[in-house]
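Undergrad: kindly generate the corresponding structure for this input.
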Amino acid sequence: MAVRQMIEINEELCTGCGDCIPGCPEGALQIIDGKARLISDLFCDGLGACLGTCPVGAIKTIEREAEPYDEKRVMEENIIPAGENTIKAHLKHLKDHNQTEFLNIALGTLKERGIEVNLEDKKHHHHHGGGGCPGSQSFSFGEEKPQETVSDAGVRPSQLTHWPVQLHLVSPVAPHFQGSDVLLAADCCAFAHGDFHKDYLKDRTLAIACPKLDSGQEVYIEKVKAMIDQAKINTLTVMIMQVPCCGGLLRLAQQAVMEAERKIPLKVVVVGIDGGILKEEWV
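TA: Predicted coordinates for the structure are as follows:
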């Protein structure tokens, strides 16, 4: 037994929806008696790919004594039987988190079985952190973005580098958040400010939320903390509208920054209802 990072499930919050199950092809999670359960320490790698899949924020990572993660057993009992797509997602997961030792064990296990897998995917780079809905599966496509130039037809390219972007759906430890500058924007900002992509989204990783209409916002604090402490983001910019309810998003971000173990710079940008920038400052 050794102290390592593990998944912890809050049974009071868990609704048994099962959204976390597809986010864990390692097979560490199952729905038992109407609740998500961690069935074996041996199957949990502690990297938190399932964090972004729970709609009520019932999953978090903690440090505790646990049996060492067994990559070979995970491959043999859960990953390989699930087929090629799961194998690819698992290998990409290990690679994105720089888990070289586990990746080598996984590749060695595949070689023993005579299984060849091509990890290259030129269209999308998939990270298995999006839950059961295909529309919430996590993709990074930033390296495919053209230079920020206006075409002959007057079209400016999008600066979005990943999917999904809604804070309830994102995995805070997805590859595109690792070491990035994060823009946490209120939903209306992109519609109000005409140069949102050029001025604020470019070179940043996006998450959006509505502090007035979104439910379960306590989850947002945990996700932003995970971005800071686990994805080790560089900076956090919060972009809000001038309306009073939008201030809730800034307060949420400030609480997450205060509670996080790492300290990062926090900037606020306030957009007027006419689309102009009223304030931009570090707080």
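Undergrad: going forward, measure contacts and count neighbours with C-alpha atoms only.
TA: Noted.
Undergrad: could you pull out the helices for the stretch 151-283 of the chain?
TA: Secondary structure of the stretch 151-283 of the chain (DSSP state H, counting those that start in this stretch): helices at 189-192, 196, 218-229, 247-259.
Undergrad: lowest-confidence stretch among those helices?
TA: Within those, the stretch with the lowest mean pLDDT is helix 218-229, showing a mean of 89.
Undergrad: thinking again about what came up before, which one of the helices of the stretch 151-283 of the chain lies closest to Cys44?
TA: Comparison of these against Cys44 by Cα to Cα identifies helix 218-229 as nearest, at 17.5 Å.
Undergrad: for the chain, which helix or strand comes out least confident on mean pLDDT?
TA: Counting by mean pLDDT, DSSP states H and E, the chain has its least confident helix or strand at strand 125-127, which shows a mean of 43.
Undergrad: any chance of the helices of the stretch 151-283 of the chain in CSV, plus distance to Gln30?
TA: Formatted as CSV, the entries for those read as follows, by distance: least, Cα to Cα, whole Å:
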stretch, distance to Gln30
helix 189-192, 39
helix 196, 41
helix 218-229, 21
helix 247-259, 29
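Undergrad: so which of those helices comes closest to Ile59?
TA: Minimum separation from Ile59 across the helices of the stretch 151-283 of the chain (Cα to Cα) falls at helix 218-229, 9.6 Å.
Undergrad: list the buried ones in the closest one?
TA: The neighbour-count check on helix 218-229 (16 or more other Cα atoms under 10 Å) flags 219-229 as buried.
Undergrad: between the residues you listed, which is closest to Ala174?
TA: When the buried residues of helix 218-229 are ranked by distance to Ala174 (Cα to Cα), Met227 comes first, at 9.0 Å.
Undergrad: my guess is that closest one meets Ala174, correct?
TA: No - checked against Cα atoms under 8 Å, the pair Met227 and Ala174 is beyond contact range at 9.0 Å.
Undergrad: pLDDT value on the most centrally placed residue in the chain, please?
TA: Centroid check for the chain by Cα atoms, centre = their mean gives Ser171 as the closest residue, at 1.9 Å. Listed pLDDT for Ser171 reads 81.
Undergrad: same question, the one 10 residues further on
TA: The confidence metric pLDDT takes the value 97 at Asp181.
Undergrad: for the residue nearest to the centre of the chain, give me phi and psi.
TA: phi -90, psi 120 (degrees, to the nearest 10).
Undergrad: any idea how far Lys223 is from the closest residue to it other than its chain neighbours?
TA: Using Cα to Cα, 6 or more residues apart in numbering and skipping the chain neighbours, the partner closest in space to Ser171 is Gly52 (3.7 Å). Gly52 sits 8 Å away from Lys223, going by Cα to Cα, to the nearest Å.
Undergrad: between the two, what contacts are shared?
TA: Jointly contacting Gly52 and Lys223 under the rule Cα atoms under 8 Å, 6 or more residues apart in numbering are 171-172.
Undergrad: now do the contacts for the residue lying closest to Ala209 once chain neighbours are set aside.
TA: In this structure, Ala209 finds its nearest non-sequential neighbour in Ala186, 5.2 Å apart by Cα to Cα, 6+ apart. For Ala186, the contact set (Cα under 8 Å, 6+ apart) comprises 208-211, 239-241, 246, 249.
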